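Enquirer: output the structure for:
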Amino acid sequence: MSTVTRPGVKPATMAQALTRAMRDAMAEDPTVHVMGEDVGALGGVFRITDGLAKEFGEDRCTDTPLAEAGILGAAVGMAMYGLRPVVEMQFDAFAYPAFEQLISHVAKMRNRTRGAMPLPITIRVPYGGGIGGVEHHCDSSEAYYTATPGLHVVTPATVEDAYGLLRASIASDDPVVFLEPKRLYWSKAQWSPEAPAAVPGIGKALVRRAGTSATLITYGPSVPVCLEAAEAAREEGWDLEVVDLRSLVPFDEETVVASVRRTGRAVVVHEAAGFGGPGAEIAARVTERCFHHLEAPVLRVTGFDIPYPPPMLEKHHLPGVERILDAVARLQWEN
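Expert: Numbering: from 1, shown residues only. Presented below is the predicted three-dimensional model:
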């Protein structure tokens, strides 16, 4: 996922790109409001909203009580009256108290009103492991959101996508759950906030690495891991293609199907649990569309079907290069 160096362009982190995306959206549209626990004076627990309250005032970057259901419920009312709230949930598992609001109102309002009342709400959720966090701080909860009709679900893996996808999410008239990989907040790339590179919008996957032997289908925090695995696979004579979904809902089936039909083999990689996880749906769709092109069953490399483990064990829990290469080796090359 390296970025071509351009004269005068300095390295930027994903965190900085996310901050700039909200800052630019707020500057261009006075209806955009940021709200959440400690997003104002503190700038958020990961400092992603740093400086927004100072520039736009506490009325537009607002600290809320520690009550996720109340935060999202207030955002629903704000959106109904013409505002575009951007809600921050401090950690993935902290968002669960807001599920009733999310499922009963955020996801259903447009359908309930026959399209008359969209809810342009962006719900930012830091998610995933890799930071040595404890329980309730490292969940991969994307399956809950993708199983809820009425929501868009997106997750960036690059600095460019952090900016571009967040801008697209805030501009969307549909509610978007914006999943931010915590372990990638400090990843860097050559990126200019003054002239950000254009990226595809919501609903479009990208081939991050072309290959011919098999396709690794992944997203968010697992994209760099899959790219590392693809490089390591060269020693085994395997040429792996890496597809970054970027958007789980809408799902870019065409890009995924085209890749798997070229390679004939596929492995889905994500941190969420395997049973009932996004990989199950992806594997089913790939099998349905690519059955006569597949040389082997679609495999999955995922987190284990357990609550998130203590920090000292997370390296075993999270998909790594060795587990990915082991799955690739199981793709029955003799066929």
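
Enquirer: going forward, measure contacts and count neighbours with C-alpha atoms only.
Expert: Noted.

Enquirer: and the strands in the stretch 151-300 of the chain?
Expert: For the stretch 151-300 of the chain, the strands defined by DSSP state E, counting those that start in this stretch occupy 152-154, 176-181, 188-190, 206-209, 214-218, 240-244, 247-249, 266-273, 299-303.

Enquirer: pull the CA atoms of the fifth one into CSV?
Expert: Right, strand 214-218. Listed next in CSV are the C-alpha coordinates belonging to strand 214-218 (Å, rounded to 0.1, in the frame of the first residue of the first chain):
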residue,chain,number,x,y,z
ALA,A,214,-5.0,-17.1,-5.4
THR,A,215,-7.1,-14.1,-4.1
LEU,A,216,-6.9,-12.8,-0.5
ILE,A,217,-10.1,-11.0,0.2
THR,A,218,-9.8,-8.7,3.2
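
Enquirer: in CSV, list the strands of the stretch 151-300 of the chain along with mean neighbour count, distance to residue 331 and mean pLDDT.
Expert: Output for the strands of the stretch 151-300 of the chain, formatted as CSV (neighbours: other CA atoms under 10 Å; distance: least, CA to CA, whole Å; pLDDT from 0 to 100):
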stretch, mean neighbour count, distance to residue 331, mean pLDDT
strand 152-154, 26, 29, 98
strand 176-181, 26, 29, 98
strand 188-190, 19, 34, 94
strand 206-209, 17, 19, 98
strand 214-218, 28, 9, 98
strand 240-244, 26, 12, 98
strand 247-249, 23, 25, 98
strand 266-273, 26, 8, 98
strand 299-303, 23, 8, 98
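
Enquirer: can you put those in JSON lines and add distance to residue 74?
Expert: Below are the strands of the stretch 151-300 of the chain laid out as JSON lines (distance: least, CA to CA, whole Å):
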{"stretch": "strand 152-154", "distance to residue 74": "20"}
{"stretch": "strand 176-181", "distance to residue 74": "16"}
{"stretch": "strand 188-190", "distance to residue 74": "35"}
{"stretch": "strand 206-209", "distance to residue 74": "35"}
{"stretch": "strand 214-218", "distance to residue 74": "34"}
{"stretch": "strand 240-244", "distance to residue 74": "34"}
{"stretch": "strand 247-249", "distance to residue 74": "24"}
{"stretch": "strand 266-273", "distance to residue 74": "29"}
{"stretch": "strand 299-303", "distance to residue 74": "34"}
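
Enquirer: residue 62: which of those is closest?
Expert: Nearest to residue 62, of all these, is strand 176-181, at 18.9 Å by CA to CA.

Enquirer: nearest to residue 46, out of the strands of the stretch 151-300 of the chain?
Expert: strand 176-181 (11.0 Å).

Enquirer: what packs against that closest one?
Expert: strand 122-127, strand 152-154, helix 159-171 (3 or more CA pairs under 8 Å, 6 or more residues apart in numbering; DSSP states H and E).
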